[in-house]
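Provided below for reference: sequence and predicted model.
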Amino acid sequence: MGKSSTNPPQNVYREARLKASQFNDRFRSREATAEETGIDRTRIARIELNALNPYPEEVALMADAYNAPQLRNYYCHNTCPLGRDVCEIDSDSIDRISLSALSSFRKIGVVKELLLDITEDGVIDESEKGDLDEIIATLDGVAKISEQLKCWRERHFGKGD
């Protein structure tokens, strides 16, 4: 009787390991990955099968070993109850990140004027609440782009100072 497949449908940790295996053959198997990361082979399997969530320390180990800093962001956004407000990074292409940044920079000029308008009297009243929400949404977009760019830099050049 053949061994049944334990490949999960879609799992960000498995995808990162397999992508890393293109540059390091040791990541092709969970056994060798366990040796590289210090995470038990069966634990790696259970993480990749969505049977359990990794510990933050394990995510850090995998992110470093696989050269996949986006794993930290994924964990913080999707798993850690304290990180639910962390913007999820969804682009790995410098072209997409650059276009998003340029678009946001254009919006910043409008938002800057809006912020000055609603705060010039030192009070933000109920009628200006929608404008404030628009300002916050735009700034959140800029923060997300900043995180995407940091992640891209780390992936391609290593951690910055």
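Everything's here; your move.

Can you tell me what sits against stretch 72-92?
With contact meaning C-beta atoms under 8 Å, 6 or more residues apart in numbering, stretch 72-92 is reached by 12, 53-54, 56, 59-60, 63, 70, 97, 100, 140, 143-144, 147-148, 151-152, 155. C-beta coordinates here come from the backbone N, C-alpha and C atoms, glycine included.

Going through those residues, which ones are buried?
Buried subset of those (neighbour count, 16 or more other C-beta atoms under 10 Å): 12, 54, 59, 63, 70, 97, 100, 144, 147-148, 151-152.

So which of the residues you listed sit within helices?
Of the buried ones among the contacts of stretch 72-92, the ones assigned to helices by DSSP state H are 12, 59, 63, 70, 97, 100, 144, 147-148, 151-152.

Those: which two are farthest apart?
59 and 100 (25.2 Å; C-beta to C-beta).

Tabulate the buried ones among the contacts of stretch 72-92 in TSV, adding columns for pLDDT and distance to residue 80.
Listed next are the buried ones among the contacts of stretch 72-92 as TSV, based on pLDDT from 0 to 100; distance: C-beta to C-beta, whole Å:
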residue	pLDDT	distance to residue 80
12	94	14
54	96	11
59	96	9
63	94	14
70	88	15
97	89	24
100	89	25
144	86	17
147	85	15
148	85	19
151	81	17
152	84	22
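
how does the chain divide up, domain by domain?
Under the assignment automatic domain parsing, the domains of the chain span 12-83, 94-157.
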